[in-house]
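S.K.: Give me a model of this one.
(4 chains)
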Amino acid sequence: MLMEAIGFYAIALFLIFFAFKTISSANPIHCACYLVLTMIGLAGVFYQLEAQFIAGVQMIVYAGAVMVLFVMVLMLFDIKTELRAFSRGLISGFLKIFSAAILAGFALGAATNSIGIVDEGPPKVMSTNVTRDLSILLYTKYLYAFEALGVMLLVVAVGVVCVSRIKGGTHAKH
Amino acid sequence: MSQLVPVFVLSIFVVVFGIIIEIVANICSTAGKKTSTKLESYECGLPSDQSGPTRIPIKFYLTAILFILFDIEIIFMYPWALTYGDFISSGLGAYILGSMGFFLLVFIFGLFWEVKSKALEWE
Amino acid sequence: MGNDVFEITVNFIKMVVIFLMMVQLVPLLVWVERRACAYMQNRFGPNRVGPLGLTQLLADAVKFITKEEFAPGNGNKFMFYAAPVIALIPATLALNAIPLSIPINVASFEWLGHTWGPYIFKFQGYDFNIGIVFVLAVSSLAAYSLLLAGYGSANKFAMYGALRASAQTISYELAMGLSLVGILLLFNTFSFSEIVTAQSGPLSFYFFGKVITVASVPNWGIIYQPVGAVLLMAAMFAETNRLPFDLPEAEGELVAGYHTEYGGIKMNMFYIGEYGHMLVASALMVIFYFGGCTIYPWLTPDTVNAWFANYGGTTASILTAFVLFAVMMAKILFFLWFFVWVRWTLPRFRYDQLMDLGWKTMLPWALGNTIVTAVVIFIMRTKW
Amino acid sequence: MPSTEVFLKIGLNHYLFLSAILFSFGMIAVLMRKNVIVMLMGIELMLNAVNLSFIAFAKELGNLNGQIMVFFVMTIAAAEAGVGLALAVSVYKKYKELNIRSFEQLRG
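M.R.: Sure, this is the predicted structure:
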């Protein structure tokens, strides 16, 4: 029981530290690197919550593809490191911190109130082979959503190419 | 949780090993003078006219975006491939093949359109 | 990692040994490469330093250590030094997930006045039941060491080389992912050990519902998936930036691509990462298509076990594990030789040919292979 | 001082707190950062926090609907990141700097 707690708190601190660094570092490429570490930490948490396949997919999709796109795009523009992450200013600074505090309060309040939702019945055991049941469920019960997502990905692929091909775009035909 | 401990221990060990190698190399490396010309980025001897990264063709980002989209479609195939045997043995073979056929059709059409629309053209 | 001290230490030592095996591979392969290239161009390779030039490796190591430590002026120092260390991590994590031989079961024994219970030590760093997804996830992190190296050295050629190298790596990851789908369709499992046990029996497949077994032929993946094997091999060449795909490092104006500004031991660490990826690639080829650590009629776990029947239980299982480990290493060394062999025979691609090959030929071929495999398996396995 | 058991027995609400904290970090990034790409990263962080709470509930309730939902949220988040960056690139090409103000001039 203690080992589990140590494991959870270690990963939680790792995540919170790097998430905070992601939003507060001035140079955007440092933000991207910290976000990559947060994604990898999250994959660890998913594995802890017996979602093995989802942890693998999270690593492949987020840490391996989306963040590579972010770092590549940031490297393509010669980004000037901003003077400061958040623009200082007495009133705007105060407003920023006040709104951030309210938002965090809302989020934590929602989390604490949701404790009672799930009835504290006997802990329900997950199925033995989560990955296999997940895939069977994906193709039987959620088949329509799966096909709709396939079409959506096609639409996005066509859309991105067209966005890059408009008059001012990078691949415009001149 | 206990399954992941070896991965953390190994990656920490590799990082420490890498840092130790770099420190060792730092210690016993011959200390050359840090002249200003030596510190400039290496451009086969030509004095580099701009400082830092300059105009680089931006068309790499399109490949990265298309990679993400097609990578997700491949990841949707992994659960299908995993339970293909179970579906066939439980008599649902035609059902799963048909549904995946439609998904693959969409995938192939997307790929075909990308190729035809010369989005991936490198001059 | 294990529930008592003995098991934890053995598991840790096992991981460290596999990592050091990968690190020690670099000088060996560099030596093999220089000798083989010399042999192919009928000249002598390094033969001055020691017999057959073997201690050339030590000379290189000393040279790398004592090279002048240098970091470019206006680059980002932390990323410049961090990139080589990050280059090591993906290859090691992937290599430790691949089973190199059958597990060793150790009977309980008496030592230092304490009876240590029976253990089962797997011949790999750690065993996940989502083995394939783990290896794919970790090897997709390899693009970061290139990008950080390119950005850290603030040299526009290095940046350009890093972008080209990572664009090439990610576009060939698609073809690699798809060729694995063919294997998954066949064996219906993510875990490596189940794939190896499935391949250690005689060739048996469904034929219109009936099971046909061919006695003397091993049940290897290459027989079912020849196209998938070729695709995985080609994708692995591109993944490790090996010739004929090593364009980002070798173009006229790109000097040496993302590791232009690196020298000495940091450059060597990039090579360790690259050769580590080559080792992972050949291990994957052997596990998926060439039956892992077993050759069916002669060298299966039980036939090799029969050789050592007269020894005790533990020593017999240790000996069989190491014999099968030698079989696995022989197959891996053949594929490493194949990497070196192709390097000195094929010319280099142009960049647009390289990207066209990745997107316009290998991806459709991998898709076709997946579709044909799925249809054939459907026809063969349903009970007509 | 409540018994330490509350902190040691890792239950559902520990993961919900973690997800709430990550979500508020993402929201702060979106609200307060000027650079467009860091805002997109904030959105990614928020979506990941939501994924975390989905999976925490999936484990608690013992059924897999949560994990299927995470699968779909990931797909849409990745597609959204792609389109967002495509727009950011075209804005950067036109206005040579990445400030959220320049998105107001986009027409059509």
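
S.K.: Now stretch C:347-365 - C-alpha only, CSV.
M.R.: Written as CSV, here are the backbone C-alpha positions of stretch C:347-365 (Å, rounded to 0.1, in the frame of the first residue of the first chain):
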residue,chain,number,x,y,z
PRO,C,347,24.1,4.4,-53.6
ARG,C,348,22.4,7.2,-51.7
PHE,C,349,18.8,8.4,-52.5
ARG,C,350,18.0,12.0,-53.4
TYR,C,351,15.8,13.7,-50.8
ASP,C,352,12.7,13.9,-52.9
GLN,C,353,13.1,10.3,-54.1
LEU,C,354,13.6,9.3,-50.4
MET,C,355,10.4,11.0,-49.3
ASP,C,356,8.5,9.8,-52.3
LEU,C,357,9.6,6.2,-51.6
GLY,C,358,8.3,6.5,-48.0
TRP,C,359,5.0,8.1,-48.8
LYS,C,360,4.1,6.9,-52.3
THR,C,361,5.5,3.4,-52.5
MET,C,362,6.1,1.8,-49.1
LEU,C,363,2.9,3.1,-47.5
PRO,C,364,0.6,1.7,-50.3
TRP,C,365,2.6,-1.5,-50.3
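
S.K.: For chain B, give me its nearest residue in chain A.
M.R.: Distances between chain A and chain B by Cβ to the nearest Cβ are smallest at residue A:135, namely 3.1 Å. Glycine gets a C-beta too; all of them are placed from N, C-alpha and C.

S.K.: since we're on that residue, how many residues are nearby?
M.R.: Residue A:135 is flanked by 24 other residues according to other Cβ atoms under 10 Å in any protein chain shown.

S.K.: so where is the chain shaky, pLDDT-wise?
M.R.: I went with chain A, as the question did not name one. Within chain A, the segments meeting pLDDT under 70 span A:78-90, A:114-124, A:167-174.

S.K.: nope, chain B
M.R.: Looking at chain B by pLDDT under 70, you get B:1-2, B:31-58, B:122-123.

S.K.: cool, chain D as well?
M.R.: D:1-4, D:96-103, D:106-108.

S.K.: Quick one: check the longest helix anywhere in it for contact with chain C.
M.R.: With DSSP state H setting the assignment, residue counts place helix D:65-95 as the longest helix in chain D. No: on the criterion Cβ under 8 Å from any Cβ of the partner chain, helix D:65-95 is out of touch with chain C, staying 13.2 Å away.

S.K.: buried sites along that helix?
M.R.: For helix D:65-95, a neighbour-count test (16 or more other Cβ atoms under 10 Å in any protein chain shown) marks D:66-72, D:74-75, D:77-82, D:84-86, D:88-92 as buried.

S.K.: my read: the residue of chain A closest to chain B touches residue B:79, true?
M.R.: Yes: judged on Cβ atoms under 8 Å, residue A:135 makes contact with residue B:79 at a distance of 3.1 Å.

S.K.: Can you check which residues contact both of those two?
M.R.: Taking Cβ atoms under 8 Å, 6 or more residues apart in numbering or on different chains as the contact rule, residue A:135 and residue B:79 both touch residue A:53.

S.K.: circling back to that earlier point, check which helices and strands the longest helix of chain D sits against.
M.R.: The helices and strands touching helix D:65-95, judged by 3 or more Cβ pairs under 8 Å, 6 or more residues apart in numbering or on different chains; DSSP states H and E, are helix A:52-58, helix A:67-76, helix A:130-140, helix A:143-165, helix B:60-82, helix D:36-61.

S.K.: pLDDT averaged over stretch C:227-237, what's the number?
M.R.: The average pLDDT for stretch C:227-237 rounds to 91.

S.K.: Can you add distance to residue A:46 and give the helices and strands packed on helix D:65-95 back as JSON lines?
M.R.: Formatted as JSON lines, these follow (distance: least, Cβ to Cβ, whole Å):
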{"stretch": "helix A:52-58", "distance to residue A:46": "4"}
{"stretch": "helix A:67-76", "distance to residue A:46": "16"}
{"stretch": "helix A:130-140", "distance to residue A:46": "11"}
{"stretch": "helix A:143-165", "distance to residue A:46": "20"}
{"stretch": "helix B:60-82", "distance to residue A:46": "15"}
{"stretch": "helix D:36-61", "distance to residue A:46": "6"}
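
S.K.: Which among those is found nearest to residue C:80?
M.R.: helix A:67-76 (14.3 Å; Cβ to Cβ).

S.K.: Assign the residue nearest to residue C:141 when sequence neighbours are not counted to helix, strand or coil.
M.R.: With sequence-adjacent residues excluded and distances taken as Cβ to Cβ, 6 or more residues apart in numbering or on different chains, residue C:141 is closest to residue C:90, at 4.8 Å. Secondary structure for residue C:90, judged by DSSP: H, G, I helix; E, B strand; the rest coil, is helix.

S.K.: you'd agree residue C:90 is up against residue C:273?
M.R.: Yes: the criterion here is Cβ under 8 Å, and residue C:90 meets it with residue C:273 at 7.4 Å.

S.K.: Report the set of residues contacting both of the two.
M.R.: With Cβ under 8 Å, 6+ apart, residue C:90 and residue C:273 have common neighbours C:142, C:145.

S.K.: Tell me which stretches of the stretch 51-200 of chain C form strands.
M.R.: Taking DSSP state E, counting those that start in this stretch as the criterion, the stretch 51-200 of chain C contains strands spanning C:104-106, C:109-111, C:114-116, C:119-121.

S.K.: what does the second one contact?
M.R.: Residues from elsewhere that reach strand C:109-111, judged by Cβ under 8 Å, 6+ apart: C:115-116, C:314.

S.K.: Now residue C:348: closest residue in space that isn't a chain neighbour?
M.R.: Per Cβ to Cβ, 6+ apart, closest to residue C:348 is residue C:244, 5.3 Å.

S.K.: Tell me who's in contact with that neighbour.
M.R.: Residues near residue C:244 by Cβ under 8 Å, 6+ apart: C:237, C:342, C:346-349.

S.K.: Looking at those residues, which one is closest to chain A?
M.R.: Among these, and counting by Cβ to the nearest Cβ, the member closest to chain A is residue C:237, at 19.5 Å.

S.K.: Does the closest one lie in a helix or a strand, and which?
M.R.: According to DSSP states H and E, residue C:237 maps onto helix C:226-239.

S.K.: which residues are contacting that helix?
M.R.: With Cβ under 8 Å, 6+ apart, helix C:226-239 has contacts from C:139, C:142, C:168-169, C:172-173, C:175-176, C:178-180, C:182-183, C:221-222, C:243-245, C:277-278, C:281, C:284-285, C:288-289, C:338-339, C:342, C:354, C:358, C:362, C:365-366, C:368-369, C:373.

S.K.: about what we covered before: so the residue of chain A closest to chain B versus chain C, what's the distance?
M.R.: 10 Å (Cβ to the nearest Cβ, to the nearest Å).

S.K.: Distance of that residue relative to residue D:15?
M.R.: Separation of residue A:135 from residue D:15 (Cβ to Cβ, to the nearest Å): 24 Å.

S.K.: do residue A:155 as well
M.R.: Counting by Cβ to Cβ, the gap from residue A:155 to residue D:15 is 34 Å.

S.K.: quick one: which of these two has more around it?
M.R.: Neighbours per residue (other Cβ under 10 Å) separate residue A:155 from residue D:15, with residue D:15 holding more: 23 against 12.

S.K.: For that one, give me its contacts.
M.R.: Counted by Cβ under 8 Å, 6+ apart, residue D:15 has contacts A:45, A:49, D:52-53, D:55-56.

S.K.: and it, which of the three is it?
M.R.: For residue D:15, the assignment made with three-state DSSP gives helix.
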